[in-house]
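Enquirer: Pasted the sequence and its predicted model underneath.
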Amino acid sequence: MNALWVAWSQHDAATFANLHAKDAEWTNAFGRTIRGAKELDTFLGKRLFVGFDVEIAQYEAESYREISRRYIGASSVVVTGRTESNRGSSVGTSNRKIGFTFVLGKIGGKWKVTNQVITDIRERR
């Protein structure tokens, strides 16, 4: 997971996408799903990262905390975590809190993200 967050913090779309399976599904907090590492590379490099401040991405990477890691056999794992951001909308007075669910599979002897889902964590009202 560390390499993923390093790539995110550097806006390195190619490395970030390469850590995903060729047929990965990446779903953002607004429900948009990008399918495939190649499409993810294009989306991040040409659309998302160009509008994002790299300092905010660095803060998001630094504030990431893993919540749980559950292995499913020897070749699959589900990882959940959270981070904070001061980009985008937030409900309440604090920074935006973001949840992540990653499913990783061992592909060619390497762990690759096969599914990634991003969610906003809302403050209770």
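Expert: Sure thing, it's come through. Numbers count the residues shown, from 1 in each chain.
Enquirer: Pretty sure residue 77 sits against residue 101.
Expert: No - using CB atoms under 8 Å, residue 77 is not in contact with residue 101; the gap is 11.4 Å. Where C-beta positions appear, they are placed from N, C-alpha and C, glycine not excepted.
Enquirer: need the contact list for residue 103.
Expert: Residue 103 makes contact with 76-79, 113-116 under the criterion CB atoms under 8 Å, 6 or more residues apart in numbering.
Enquirer: Looking at the residues you listed, which is nearest residue 18?
Expert: Nearest to residue 18 out of the contacts of residue 103 is residue 113 (CB to CB; 10.2 Å).
Enquirer: count of residues packed around the residue lying closest to the closest one once chain neighbours are set aside?
Expert: Residue nearest to residue 113 in three dimensions, not counting chain neighbours: residue 20, with 4.5 Å by CB to CB, 6 or more residues apart in numbering. Residue 20 has 26 neighbours, counted by other CB atoms under 10 Å.
Enquirer: now do residue 83
Expert: Neighbours around residue 83, by other CB under 10 Å: 21.
Enquirer: what about the strands in this protein?
Expert: 20-27, 33-35, 65-71, 76-85, 96-107, 110-121 (DSSP state E).
Enquirer: So for residue 48, which of these sits nearest?
Expert: Here strand 33-35 is closest among the strands of the chain (CB to CB), at 9.5 Å.
Enquirer: contact partners of that closest one?
Expert: Taking CB under 8 Å, 6+ apart as the rule, strand 33-35 contacts 23-27, 40, 43.
Enquirer: Run a quick neighbour tally on residue 26.
Expert: 24.
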